[in-house]
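Visitor: take this sequence and fold it.
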Amino acid sequence: MSRVGKKPVPIPSGVNVKLAGRLVTVGGPKGNLEWRVPEPIEVAVEDQQVVVRRPDDQPSNRALHGLSRALIANMVEGVSKGYEIKLEVYGTGYSVKKQGNQVWLNVGFMGRGHNKPAQFMIDIPPGLDVDVQTEAARGDSDPARFSIKGIDKQAVGQFAAEIRKIRKPEPYKGKGIRYAGEQVRRKAGKVFASGG
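Guide: Down below sits the predicted model:
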């Protein structure tokens, strides 16, 4: 990981990096992020680049060195371009919609004695946005598609994982919530031998 740490992080035009003690603040067209640098890692801005240094080659410091550089690089990319994770909902009658600051998921869970599917209402965390594809934009056999956007890579990934966990794709028919492009390993259903 130390090889990652040695690479300076270029600062694109329109992005500002400020250092105040151990606090790194990165601002850009998409917003602002800040992060506290762990001891004993040092961060400096030199020649329109962020340089991360470690005091020695101890394994813990080498790991922190690479981690610090990666997190700062993610912050720079987040405030300049942003992050997006696309998800798809597979299943007959399954749907997703956005209402106010909530995502509403209908993913087929029904309790005994209930004649309508359960709906999950998930609050969208601050700093994130959810973009849901309209029903008119997709065909009858297409999955419901939506994307999670934000400037904090960790927050975008965490929220996407939490939503996917509500109904992970099952291996027989592939129904459930999956990342766009995710391949679900399918299992064959039980085959009953005909008596003869």
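Visitor: what's the separation between Gly28 and Ser13?
Guide: Distance, Gly28 to Ser13, by CB to CB, to the nearest Å: 10 Å. Heads up, the C-betas are built off the backbone N, CA and C, glycines and all.
Visitor: three-state assignment of the residue nearest in space to the middle of the chain?
Guide: The central residue of the chain, meaning the one whose C-alpha is nearest the mean C-alpha position (CA atoms, centre = their mean), is Gly157 at 2.0 Å. Applying DSSP: H, G, I helix; E, B strand; the rest coil to Gly157 yields a three-state assignment of helix.
Visitor: returning to that earlier point: which one's more surrounded, Gly28 and Ser13?
Guide: Taking neighbours as other CB atoms under 10 Å, Gly28 and Ser13 compare with Gly28 leading, 23 against 7.
Visitor: for the closest residue to that one other than its chain neighbours, give me its contacts.
Guide: The shortest distance from Gly28 to any non-neighbouring residue, by CB to CB, 6 or more residues apart in numbering, is to Val79 (3.1 Å). Contacts for Val79 (CB atoms under 8 Å, 6 or more residues apart in numbering) come out as Val15, Val26, Gly27, Gly28, Pro29, Lys30, Gly31, Asn32, Leu33, Ile151.
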